[in-house]
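> A predicted structure for the sequence below; I have some questions about it.
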Amino acid sequence: MAGRISDEDIALVRERSPIADIVGEHIQLRNAGGGNLKGLCPFHDEKSPSFNVTPARGYWYCFGCAEGGDVITFVRRLEHLSFGEAVERLANRAGIQLRYEQGGYVPGREQGERSRLIEAHRAAAEFYAERLSSPEAAIGRRFLSERGFERADAEHFGVGYAPAEWEALSRHLMARGFTSAELIKGGLAKEGRRGPIDRFRGRLIWPIRDITGDVIGFGARKLNDAEDGPKYLNTPESPLYKKSEVLYGVDLAKREISKRSQAVIVEGYTDVMACHLSGVPTAVATCGTAFGQEHIKVLRRLLLDQSGSQGEVIFTFDGDAAGQKAALRAFADEQKFVTQTFVAVQGDGLDPCDLRVTRGEAAVRDLVASREPLFAFAIRSVISRHDVSTNEGRLSALDAAAPIVAGIKDRALRQLYAVDLDRWLGFNNEQFVVDRIAEISVAAQGAPQRPQR
């Protein structure tokens, strides 16, 4: 073992790691008066900010969960690190070379597991990015060019290319001092008959970064449709990569999300690139999984989501049946947001990347600007499945849409959407629609119905 980190270096790490800056990389902080800052606690789910930071003291405390500590404690809790690993992570950020007692300074070799895996992923991202300019990667460069991306765009997002070899990355990283066990544990390689083999081969590569900018995984796109394997392949679950929590592009979008109080959810890596390059720098995407509760928590902390917030979360989906299904799936989690939630649908089915290529960057901005409240979209999607030219069809549409309206928790908003539903179906009888919604709501709950007054 390298021994313990010297007390002087630990003190230096604290000094050069301003707590407001470190915490501010993960949650939006606002002035709370008296030299304090506040935000939504990253350690428990809350709607009103109870997480306080006192920069003058270098201390944080949450009045909701009664947790507190200094900047090292914050990083330990957030990243699930040991004390030494947290100090090393902050030291790397501040450019501090740590000294170890009881054996002296051992550069790099005795770092914590997470630090080692982060370094391996950083080296892998550099390797892939360099290979994008190789002759073999011409097919990857053509893929990007056909989608309107130039070399500078690829460099900005760190896009790279994985050679179509079994061990190209593995050999490179092992020559840099990383072990086969580290490559396999981090998801960079798989166990082969004679050692580790690369997980990604002959694919275009996007580095996936956490909110602080560290590479924690990769997304890989197949370039030859004739080859075996899925079109998109992602890093598997690892000590670094938790797909239910990851949002591609969040490292680039976090400041604009906080500044604009807006987050745009798109479906793919190229869609994120197209949005950012088109003047929508708040775009992020999930990585190989549906948008879920953990993603909501990440966005709520960036938006400082609370009662009365005017923040927006805008989902972009294709206008086809699959896109509508995705929007309705998102609707199931809508009320976990206190923010206003919208859907932006391109009627002809173009995603933001294709829209930018065919109609220009202004069309991407217009798509986001044309957003529709998610409740309205969900109700209209249900109505569209029925023939509303007949009484029978309109009644079926009403019964299908009623549970959505009944499920709206805000009473005033529920009433307004009941009125809209009446108008959209052409009954011209608001009380009839309201009563029908109430009947279906009570029936769904299995409770006896109260008589109308």
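Good, I have the coordinates.

> for the chain, where's the lowest mean pLDDT among helices and strands?
helix 321-331 (a mean of 65; mean pLDDT, DSSP states H and E).

> any idea of the mean pLDDT for whichever helix or strand comes after that helix?
Using DSSP states H and E, the helix or strand that directly follows helix 321-331 along the chain is strand 340-346. The average pLDDT within strand 340-346 is 86.

> try stretch 194-210
According to the model, stretch 194-210 has a mean pLDDT of 96.

> can you list the weak-confidence ranges in the stretch 301-450 of the chain?
Along the stretch 301-450 of the chain, the model assigns pLDDT under 70 to residues 305-310, 318-339, 444-450.

> how about the strands of it, start to end?
312-318, 340-346, 372-373 (DSSP state E, counting those that start in this stretch).

> likewise the stretch 1-150 of the chain?
With DSSP E, counting those that start in this stretch as the criterion, the stretch 1-150 of the chain has strands spanning 30-33, 36-39, 51-54, 59-62, 68-69.

> can you list those strands in JSON lines and add mean neighbour count, mean pLDDT and distance to Asp366?
C-beta: built from backbone N, CA, C; applies to glycine. Converted to JSON lines, the strands of the stretch 1-150 of the chain look like this (neighbours: other Cβ atoms under 10 Å; pLDDT from 0 to 100; distance: least, Cβ to Cβ, whole Å):
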{"stretch": "strand 30-33", "mean neighbour count": "10", "mean pLDDT": "93", "distance to Asp366": "31"}
{"stretch": "strand 36-39", "mean neighbour count": "21", "mean pLDDT": "96", "distance to Asp366": "33"}
{"stretch": "strand 51-54", "mean neighbour count": "22", "mean pLDDT": "96", "distance to Asp366": "37"}
{"stretch": "strand 59-62", "mean neighbour count": "20", "mean pLDDT": "96", "distance to Asp366": "41"}
{"stretch": "strand 68-69", "mean neighbour count": "15", "mean pLDDT": "94", "distance to Asp366": "46"}
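
> Just send those strands back as a markdown table, with distance to His295 too.
Shown next, in a markdown table, are the strands of the stretch 1-150 of the chain (distance: least, Cβ to Cβ, whole Å):
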| stretch | distance to His295 |
| --- | --- |
| strand 30-33 | 22 |
| strand 36-39 | 18 |
| strand 51-54 | 20 |
| strand 59-62 | 22 |
| strand 68-69 | 26 |
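
> Nearest to Ala263, out of the ones you listed?
Among the strands of the stretch 1-150 of the chain, strand 36-39 comes nearest to Ala263, with 16.0 Å by Cβ to Cβ.

> That closest one pairs with which strands, parallel or anti?
strand 30-33 (antiparallel), strand 51-54 (antiparallel) (DSSP bridges).

> Can I get it in PDB? Just the C-alpha atoms.
Taking Å, rounded to 0.1, in the frame of the first residue of the first chain, the C-alpha atoms of strand 36-39 are listed here in PDB:
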ATOM      1  CA  ASN A  36     -25.300  31.000   2.300                       C
ATOM      2  CA  LEU A  37     -26.500  29.200  -0.800                       C
ATOM      3  CA  LYS A  38     -29.300  26.700  -1.200                       C
ATOM      4  CA  GLY A  39     -30.500  24.000  -3.600                       C
END
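
> got any ranges where the stretch 1-150 of the chain has weak pLDDT?
1-3, 102-112.

> now the helices for it?
Applying DSSP state H, counting those that start in this stretch to the stretch 1-150 of the chain gives helices spanning 7-15, 19-24, 71-79, 83-94, 113-131, 138-146.

> quick one: which of the ones you listed is nearest Pro49?
helix 19-24 (12.1 Å).

> Which parts of the stretch 151-300 of the chain are helices?
So, for the stretch 151-300 of the chain - with DSSP H, counting those that start in this stretch - the helices run 151-157, 168-175, 180-185, 250-260, 269-277, 293-303.

> Looking at the ones you listed, which one is packed in the most?
Ranked by mean neighbour count, the helices of the stretch 151-300 of the chain are led by helix 269-277 with a mean of 26 (mean count of other Cβ atoms under 10 Å).

> Which strands and helices lie in contact with that one?
Helix 269-277 is packed against helix 151-157, strand 262-266, strand 283-286, helix 352-359, helix 361-369, with contacts defined by 3 or more Cβ pairs under 8 Å, 6 or more residues apart in numbering; DSSP states H and E.

> Turn the ones you listed into TSV, columns for distance to Asn36.
Shown next, in TSV, are these (distance: least, Cβ to Cβ, whole Å):
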stretch	distance to Asn36
helix 151-157	36
strand 262-266	26
strand 283-286	29
helix 352-359	40
helix 361-369	35
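
> out of these, which comes closest to Cys41?
So among these, strand 262-266 is nearest, using Cβ to Cβ, at 19.1 Å.

> now the strands paired with strand 36-39 as TSV including distance to Val345?
As requested, these are exported to TSV (distance: least, Cβ to Cβ, whole Å):
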stretch	distance to Val345
strand 30-33	33
strand 51-54	36
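
> I am finished for the moment; much appreciated.
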